[in-house]
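*Asks:* My questions concern the predicted model and sequence given below.
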Amino acid sequence: MTTRVLGRPSRLAQLSEGIPRPFWALLLGTFITKAGAFIMPLLFIYLTQVRKLDLPIAGAITALYGLGSLVGTLIGGGMADRFGRRFTMLLSLLVGAGFLLVLGVSRELWAIALAVFFTSMTSDAYRPASQALVADIVPTQHRMKAFGMQYWAINFGFAIAAVVGGYMARRNFGALFIADAATTLVLAFIVWKAIPESKPAPKENDKPTQGTVFTPFADRTYAPFLLLNFLVALLVFQHLSALPDDMKTKGLTTEEFGWAMATNGVLIVLLQPFALKWAERFPHARILAMAAALTGIGFGLTTFANSLPLYALSVAVWTLGEIFFAPVNAALVAAMSPTELRGRYQGAFHLTWSLASMVAPLMSSSLLPVIGHRTLWFSCLGIGLAVALAHLTWSARALPKQVAATE
């Protein structure tokens with residue numbers, strides 16, 4: 001029986017309405033693996049402080065993680081449409097956990113580089129398949145709610161991983177590789193036991209699916225949307241390279257970096273459910289514009305940070321942007337994707353993040369010695385405001401005004 005408060009369904013009933021059981025299993029597994037996702041946020045620190053690599057070399061290897069993610073998301077999207085969501089997720093998680101352990105024991109530069117690339121490629125094939133699965137099993141009117149909960153779980157886990165990882169990094173970095181791989185295997189077990197295949201069966205008399213992994217980039221509406229998302233992602237990934245270097249330059253420790261980044265996860269956990277309800281009232285283009293502006297302003301404020309509270313403040317501002325654009329983008333991608341090409345469209349969307357994760361460390365490691373941190377942060381501000389203007393003009397005309405939201 002539905003619990004009601006003053007004649008209305010309770011918050012819990014509203015939250016669970018329209019959400020199938022497999023989604024809850026996926027949500028639990030997602031939280032567990034993200035709470036143990038220590039390596040990616042600390043990769044740059046691991047390379048520079050544990051392996052003692054020079055800044056340009058560390059930036060290049062971190063960029064290989066982005067390159068692997070780029071390849072993995074394209075492959076994963078195509079595999080999800082061709083072989084199914086569940087198979088792709090299981091293969092990605094199992095092989096990805098193995099390469100995490102390989103990375104942890106690699107010592108030669110070439111071995112570290114290859115392990116970084118293949119860890120990213122195999123593990124990130126999971127993402128478009130999982131997002132396509134959510135779009136498959138959740139009714140349209142509840143998708144933004146589902147994507148919002150998934151995003152919440154990811155960042156709740158991330159907040160835990162940031163604090164624990166920052167603490168353990170100074171004591172036993174090797175244990176972090178083992179814990180990361182173990183939680184990945186936990187998610188694989190949950191997918192194996194509780195997640196059914198969701199790939200839509202072809203209808204009778206349907207022609208074979210037309211399209212390749214490159215089809216989304218030829219979509220005249222979807223391609224510009226991807227470009228704008230890439231520019232915002234390019235700002236967000238400065239937290240993996242330029243931000244820790246900025247904090248180190250100003251005398252802050254690895255633990256303080258972990259606490260500053262925990263601000264991101266904590267705020268998302270606390271504010272995202274309320275922000276999602278508020279965002280449903282406005283056209284998506286306007287929400288995306290506000291999110292881009294906040295992202296740019298947040299990284300711009302890093303110019304003036306010289307203590308943990310000020311860094312936490314700048315992280316808080318760009319986190320507000322992230323809180324708004326992540327679930328809105330996810331719902332838009334699901335709405336703009338042809339059913340038979342969901343995996344490919346999800347792969348193309350995640351590719352923009354993968355490409356940004358590759359370009360950002362290369363860009364910052366090569367530009368910082370030349371232009372310095374101040375110019376880089378002001379450039380981030382300019383990019384964020386430019387993307388906001390593009391959303392207020394082009395996106396307002398071209399993108400769906402609103403995707404069916406929660407009731």
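*Replies:* Perfect, I can see it now.

*Asks:* Do a quick rundown of the helices in the stretch 51-200 of the chain.
*Replies:* 55-83, 85-105, 109-124, 126-137, 143-169, 173-194 (DSSP state H, counting those that start in this stretch).

*Asks:* Would you single out the least confident of the ones you listed?
*Replies:* Lowest mean pLDDT within these: helix 143-169, a mean of 81.

*Asks:* what comes up buried for that one?
*Replies:* Across helix 143-169, burial judged by 16 or more other Cβ atoms under 10 Å covers 143-166, 168-169. Just so you know, the C-beta spots here come from the backbone N, C-alpha and C atoms, and that holds for glycine as well.

*Asks:* chain center to that helix, what's the gap?
*Replies:* 10 Å (Cα atoms, centre = their mean, to the nearest Å).

*Asks:* Spatially nearest residue to residue 338 (excluding sequence neighbours)?
*Replies:* Residue nearest to residue 338 in three dimensions, not counting chain neighbours: residue 345, with 7.3 Å by Cβ to Cβ, 6 or more residues apart in numbering.

*Asks:* for residue 315, same thing?
*Replies:* residue 263 (4.6 Å).

*Asks:* same deal with residue 357?
*Replies:* residue 66 (3.7 Å).

*Asks:* What distance do you get for the one you found to residue 233?
*Replies:* 10 Å (Cβ to Cβ, to the nearest Å).

*Asks:* which residues do the two both contact?
*Replies:* Taking Cβ atoms under 8 Å, 6 or more residues apart in numbering as the contact rule, residue 66 and residue 233 both touch 355-357.

*Asks:* Run a quick neighbour tally on the residue nearest to residue 357.
*Replies:* 25 (other Cβ atoms under 10 Å).

*Asks:* again with residue 240
*Replies:* 22.

*Asks:* That one is in contact with residue 43, isn't it?
*Replies:* Yes - with contact defined as Cβ atoms under 8 Å, residue 240 and residue 43 form a contacting pair (7.2 Å).

*Asks:* shared neighbours of the two, anything?
*Replies:* Shared contacts of residue 240 and residue 43 (Cβ under 8 Å, 6+ apart): residue 62.

*Asks:* Any stretches of the stretch 201-350 of the chain with poor pLDDT?
*Replies:* Scanning the stretch 201-350 of the chain for pLDDT under 70 picks out the ranges 202-211, 279.

*Asks:* Break down it into its helices, ranges please.
*Replies:* 222-236, 242-249, 254-279, 284-301, 308-336, 342-390.

*Asks:* If you count contacts, what does the second one end up packed against?
*Replies:* Contact partners of helix 242-249 among helices and strands, from 3 or more Cβ pairs under 8 Å, 6 or more residues apart in numbering; DSSP states H and E: helix 39-45, helix 254-279, helix 342-390.

*Asks:* In CSV: those helices, plus distance to residue 197 and mean neighbour count.
*Replies:* Shown next, in CSV, are the helices and strands packed on helix 242-249 (distance: least, Cβ to Cβ, whole Å; neighbours: other Cβ atoms under 10 Å):
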stretch, distance to residue 197, mean neighbour count
helix 39-45, 28, 23
helix 254-279, 29, 20
helix 342-390, 13, 21
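
*Asks:* so which of those helices comes closest to residue 28?
*Replies:* Minimum separation from residue 28 across the helices and strands packed on helix 242-249 (Cβ to Cβ) falls at helix 254-279, 15.5 Å.

*Asks:* so that closest one versus helix 308-336, what angle?
*Replies:* With axes from the mean of the first three to the mean of the last three Cα atoms, to 10 degrees applied, the angle from helix 254-279 to helix 308-336 works out at 40 degrees.
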